[in-house]
Each structure stands twice: as C-alpha cells, then as structure tokens.
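Trainee: okay, sequence plus prediction incoming.
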Amino acid sequence: MSVSEVQEYVTVTIGGQMFGIPVLQVHDVLGKIQLTHIPLAPPEVAGALNLRGRIVTCIDVRKRLGLQNANEAEDQMSVVVEHHGEPYSLLIDSVGEVLSLKSENMESNPATLDSRWREVSSGIYRTEDKLLVILQIDRLLDFAGSSVKAA
C-alpha cells in the first residue's frame, strides 16, 4: 500500500488570485513594511527593508506577474523567502492558511494560464472554490534572466 506524499503550502492572495508557496521556503510573514527605494533597480524590485539587521530586497509580485498595481489605500503584507542564500521579501495582498495537499492531486499548468504565470508556477490545485497556483520561488525570483530575454 503506497502512502500519498503530502505537500504543505502557505496560501497568499495577490490581485484576487490565490497562490501557494511551499511552507518550507517561508521564513517570515510581515505586516506593513517600511521600504527604501533602490535607484535604477528593475521594475519588479519595490525597494529594500531592514529585517533584524539584514538588508532584504523586496519584490513586487504584482509587477512580476503582470497584474495591476495595488491600491495605495490597501495595506500590503510581505512573505520572506530565501533564494540562493539571500532573503527576499515578496510583496503580497494577504496571507491565508497553510494547506496540506496530496502531490498526486497537483495538475500541470493549463494552457490558458498567462505565460508569465506559467513561467513561475510548478502546477495548480483545484480547491472547492478557487484555483491555487503554486509558485516556484526560484523561477519567480529569476526575473533578471527573464528581463534579459524580453529585451
């Protein structure tokens, strides 16, 4: 008898869409943050923040995914992940719950999924009421490579 492998994801909402980040990659969840602008940074870089003495680059996930900018009145949150040994803060709208999902229920990205989303997603889960797009953090944070390709 085989035991199904279960993956856990922290759910986050960005532009009304639910995304999942593998729970083992999430180091911190931050409320309202104070960002410092970084001159000449790519558009996806929202700024930098000081997290317990470490300078952390903050990525605007909405820009990375081609979504509209957040309303200025909305309080955004941030999830801190690690990429190549460096912490990165992902600017999101809200954090949901941790979902434990069977790996066998993950589906490949539908052909209708936006190409920018397909590029950073490892697959999808269909929940009762929403589509959960699983973010692949390494690909999400590899925007320098995708910007060069686009140029």
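Mentor: That came through, no problem.

Trainee: for burial, what's the neighbour tally of residue 101?
Mentor: If you count neighbours by other Cβ atoms under 10 Å, residue 101 ends up with 18. (Each C-beta comes from the backbone N, C-alpha and C, glycine too.)

Trainee: need the contact list for residue 63.
Mentor: Taking Cβ atoms under 8 Å, 6 or more residues apart in numbering as the criterion, residue 63 is in contact with 43, 44, 46, 69.

Trainee: is it true that the second one touches residue 57?
Mentor: No - under the criterion of Cβ atoms under 8 Å, residue 44 makes no contact with residue 57, lying 9.8 Å away.

Trainee: of the two, which one has the most company?
Mentor: Neighbour comparison, residue 44 and residue 57: the larger count goes to residue 44, with 21 against 18 (by other Cβ under 10 Å).

Trainee: gap between the more buried one and residue 25?
Mentor: According to Cβ to Cβ, to the nearest Å, residue 44 stands 18 Å off from residue 25.

Trainee: how long is stretch 78-92 end to end?
Mentor: End-to-end distance for stretch 78-92, by Cα to Cα, to the nearest Å: 6 Å.
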